[in-house]
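*Asks:* Any chance you could fold what I've pasted below:
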Amino acid sequence: MKNVSARQRIKGWMMYDWATQPYHTLIITFVFGPYFAEQVIAHLSASGLDEASARAQAQSIWGMGLTISGLTIAILAPILGAIADGTGRRLPWIWAFSACYAIGAAGLWVASPIDFPTVIVLAFFILGMIGVEFTTIFTNAILPSLGTKEEIGKVSGDGWAWGYVGGFIALIVMLLFFAENGSGVTLLNKAPLLGLDPELREGTRFVGPYVALWFVLSMIPFFLWVREPKSGGISITKAVDSGLKSLGKTLRSLPSRRSLFAYLISSMFYRDALNGVFAFGGVYALGVLEWSVVSVGVFGILAVLSGAVFTYVGGYQDRKYGPKPVIIFSIVVLMVICTGIISITRNSVLFMPVASDSSLPDIAFYICGVGLGAVGGVIQSASRTMMVRQADPERMTEAFGLFALSGKATSFLAPALIAATTALSNSQRMGITPLIALFLIGLVLLVWVKPDGEEVG
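*Replies:* Model (predicted):
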């Protein structure tokens, strides 16, 4: 495979988004996250806790798992990025963390409703999260080599849109043939395929092995077509030493590089808020609107489908106007969506009362899902291209390590604020309110970000 064309290399790189999107779509947000909350709620209620408190505590426990994985990623991401730049190799790291992804996802099969092993389940979930986040760092660092500064915005947008298509297909298959509702049937009103036992929720638990298999098969084109220059080959010991020194130098220089510094801090807040919306959206719908896992999955289908369409369009806007205006517009829309979500309960829409049997709350929440999917993909794609514009081309993996750090340094913040606010107020609705403040802080900090970055001295 030595004669790999530039077009094949781009297609191979885009397959990473296709391969990993199901972890975000199926595991974090629309299938496994709500299932996890459902099981925790059931076991807490069985132990004597009242239902409202059980729902709030389930949201807090899920937030704890996200917090632990976020802190781990925040500490290690820039260090590994600096080391990878020192060795000049990224693909070996992608191989290693791909294994973490596959093992972590597949391990979620253990989440049996009988004696639900909360700690073990969270451990596998965290391992999978570490896998997906670290592989993202190294694949993002390859992006600048795929085209000019103007072209990579569309490449990034196309990749993210292609990822949404993968997530959409994976979610459709999961809901039609495997994930069962309370009656033990899938969206087709049939029992799960492969003889999976609905009584033991094996159809829904199959989401872990399914996502792992999807990833392994989908990464084949990536590893066949994505190539990097052979390294001069400094030893890992020297790479660690030089990498840490380079990282220290970069960190010390950040205050003097105002645009990069402001962008890292801005993205730290708005991406944390965005991850909070995705991570808790399904759990919120299950608790506040009393949806089933299948209903949350339908919500996910609409969100992912709109994401695929609008992220593709967003790539063109990124190329035409640059990533900064795209990010600003997206943040404003996300703040409006979060306010809309908070206003929706079983008995109210936009804070106005509706009949208890009204379908209006469900329709309104579906509309929020469409909006969330539309701008969620756009802002993540534009954020990736903005980082390329801000970074030193010679230290791109380190830069995306810092980008991951900025995305994870406070990744505990949104889950922790949601968990704390939910616990203190004993209300899932109030628990979501900190996300609006995080989006606002990120928006304000963009004032100091230069659209094309600064010259690296």
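*Asks:* now residue 315, nearest residue through space, not along the chain?
*Replies:* residue 157 (1.9 Å; Cβ to Cβ, 6 or more residues apart in numbering). To be clear about C-beta, it is placed using only N, CA and C from the backbone, and glycine gets the same treatment.
*Asks:* and after the host helix or strand of residue 167, which helix or strand comes next?
*Replies:* Residue 167 belongs to helix 151-177 when assigned by DSSP states H and E. With elements assigned by DSSP H and E, the helix or strand that comes after helix 151-177 is helix 202-205.
*Asks:* Now do that next one: everything it contacts.
*Replies:* 31-32, 35, 108-109, 111-112, 178-180, 186, 191-193, 196, 293 (Cβ atoms under 8 Å, 6 or more residues apart in numbering).
*Asks:* Which of those residues are buried, as a PyMOL select command?
*Replies:* Command for PyMOL, covering only those of these found buried under the criterion 16 or more other Cβ atoms under 10 Å:
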select buried, resi 31+32+35+108+109+111+178+179+180+186+192+196+293
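*Asks:* Identify the farthest-apart pair in the contacts of helix 202-205.
*Replies:* Largest separation among the contacts of helix 202-205 by Cβ to Cβ: 108 and 191, giving 20.8 Å.
*Asks:* On the three-state scheme, residue 371 is what?
*Replies:* Secondary structure assignment for residue 371 (DSSP: H, G, I helix; E, B strand; the rest coil): helix.
*Asks:* Check the contact between it and residue 339; I expect there is one.
*Replies:* No: with contact defined as Cβ atoms under 8 Å, residue 371 does not reach residue 339; the gap is 11.5 Å.
*Asks:* So for these two, which sits in the more crowded spot?
*Replies:* residue 371 (20 against 16; other Cβ atoms under 10 Å).
*Asks:* how near is the more buried one to residue 444?
*Replies:* Residue 371 sits 22 Å away from residue 444 when distances are taken as Cβ to Cβ, to the nearest Å.
*Asks:* And residue 323, by the same measure?
*Replies:* To residue 444, residue 323 is 18 Å away according to Cβ to Cβ.
*Asks:* And these two? Which one has more around it.
*Replies:* The neighbour count for residue 323 versus residue 444, taken as other Cβ under 10 Å, is higher for residue 323 (31 against 12).
*Asks:* So for residue 129, what's the nearest residue that isn't a sequence neighbour?
*Replies:* With Cβ to Cβ, 6+ apart, the residue lying closest to residue 129 is residue 69, at 4.0 Å.
*Asks:* With residue 438 instead?
*Replies:* Nearest non-adjacent residue to residue 438, counting by Cβ to Cβ, 6+ apart: residue 273, 3.7 Å away.
*Asks:* what's the answer for residue 292, then?
*Replies:* Once flanking residues are discounted, residue 292 sits nearest to residue 181: 4.6 Å by Cβ to Cβ, 6+ apart.
*Asks:* Ok, residue 16 next?
*Replies:* In this structure, residue 16 finds its nearest non-sequential neighbour in residue 139, 4.7 Å apart by Cβ to Cβ, 6+ apart.
*Asks:* Which positions within the helix ranked longest in the chain qualify as buried?
*Replies:* Counting residues, the longest helix found in the chain (DSSP state H) is helix 51-87. Neighbour-count burial for helix 51-87 flags 54-60, 62-63, 65-70, 72-74, 76-87 (criterion: 16+ other Cβ under 10 Å).
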